[in-house]
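In: here is my input, please return the structure:
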Amino acid sequence: MDKEFILNEIKRTAAENDGKPLGRDRFFKHTGIKESDWFGKYWARWSDAIIEAGFTPNIFQSGYDENLLLKKFTDFTRELGKFPTTGELRIEGRNNPNFPSGDIFKRRFGNKSQLAKRIVVWCEEHKNMNDIVELCLPHCQDSDETRKFVNTEEDKFGFVYLMKSGRYYKIGRSSAPGRREYEIGIQLPEELKTIHTIKTDDPVGIEEYWHKRFNAKRKKGEWFDLSSADVKAFKRRKFM
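Out: Got it, this is the predicted structure:
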């Protein structure tokens with residue numbers, strides 16, 4: 001199979017796709033031209049073929065940046081309110097030119113369990129992602145490496161949070177601090193903001209620890225009048 005034929009097929013399929021060149025997988029499905037027909041013979045990357053055919057490659061065709069892929073996946077998960085199926089990912093990839101093909105996630109991160117586990121780890125490295133963690137956890141159960149993230153009767157995974165409204169701080173526990181912030185926030189006259197969350201397999205015990213530590217500064221219920229040093233002490237802990 002010669003180079004000119006492949007270039008012509010890229011142009012033909014792009015014309016049938018509203019002028020947008022197909023990704024590597026979709027191109028194979030539409031033309032039968034395999035990666036082995038061009039990789040290492042004419043181009044080192046699919047984006048190089050797209051450029052030579054006269055198009056600008058999609059960012060996901062050229063980069064496949066892991067952080068960008070995970071960000072796109074978590075944004076779509078939040079939009080759906082559930083862990084996306086392969087079919088939903090493929091449909092979004094076809095309808096949204098700024099979304100990668102669903103097959104990219106499988107190629108890059110593995111099966112559903114492996115992907116869910118990678119998403120959970122990524123979310124732990126970023127702020128305000130606890131709602132995504134909660135949606136991913138049920139799909140981690142098939143992987144031994146993810147059992148530490150999964151709720152069980154003996155080992156309930158959760159968070160102890162520090163929130164602030166006005167001058168006072170609230171210390172509480174939840175399986176989804178983002179949702180809890182919303183629930184509390186709609187009842188308060190001043191804006192409520194999550195300052196920090198601590199991941200824990202003992203939410204009850206760790207919440208009690210912080211309540212006792214700051215007991216002298218308790219105002220009412222779970223509300224405390226904390227100093228900047230107190231807040232820094234809480235924020236130093238990421239897991240307890």
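In: what helices or strands is the strand or helix carrying Lys164 leaning on?
Out: Secondary structure assignment for Lys164, by DSSP states H and E: strand 158-165. Helices and strands touching strand 158-165, by 3 or more Cβ pairs under 8 Å, 6 or more residues apart in numbering; DSSP states H and E, are strand 168-174, helix 177-185, strand 192-200, helix 203-213, helix 228-235. (Glycine included, C-beta is placed from N, CA and C.)
In: in the sheet, which strands lie alongside it, parallel or antiparallel?
Out: Paired strands of strand 158-165, with direction, are strand 168-174 (antiparallel), strand 192-200 (antiparallel) (DSSP bridges).
In: and Tyr161, which of the ones you listed is closest to it?
Out: Of all the strands paired with strand 158-165, it is strand 192-200 that lies closest to Tyr161, at 4.8 Å by Cβ to Cβ.
In: now that closest one against helix 203-213, angle please.
Out: Using axes from the mean of the first three to the mean of the last three Cα atoms, to 10 degrees, the inter-axis angle of strand 192-200 relative to helix 203-213 is 120 degrees.
In: how far does strand 192-200 sit from its chain's centre?
Out: Offset of strand 192-200 from its chain centre (Cα atoms, centre = their mean, to the nearest Å): 18 Å.
In: how about that strand: buried residues?
Out: Residues of strand 192-200 classed as buried under the neighbour-count rule (16 or more other Cβ atoms under 10 Å) are 192, 194, 196-200.
In: from these, pick the one nearest Glu66.
Out: The closest of the buried residues of strand 192-200 to Glu66 turns out to be Lys199 (Cβ to Cβ; 22.0 Å).
In: so where's the protein shaky on pLDDT?
Out: The chain contains residues with pLDDT under 70 at 57-65, 102, 141-157, 176-190.
In: domains in it, by residue range?
Out: 3-62, 66-149, 158-235 (automatic domain parsing).
In: what about the helices in this protein?
Out: 3-16, 24-31, 46-52, 59-62, 66-80, 86-95, 102-109, 112-124, 130-136, 177-185, 203-213, 228-235 (DSSP state H).
In: look up how far Ala233 lies from the nearest residue to Lys235 once chain neighbours are set aside.
Out: Nearest residue to Lys235, sequence neighbours excluded (Cβ to Cβ, 6 or more residues apart in numbering): His196, at 4.5 Å. Distance, His196 to Ala233, using Cβ to Cβ, to the nearest Å: 10 Å.
In: for Leu192, same thing?
Out: Counting by Cβ to Cβ, the gap from Leu192 to Ala233 is 21 Å.
In: point to the residue nearest the middle of the protein.
Out: In the chain, the centroid-proximal residue (Cα atoms, centre = their mean) is Thr74; its distance is 3.3 Å.
In: next up, the contacts around that one.
Out: Applying Cβ atoms under 8 Å, 6 or more residues apart in numbering to Thr74 gives the contacts 119, 122-123, 129, 132.
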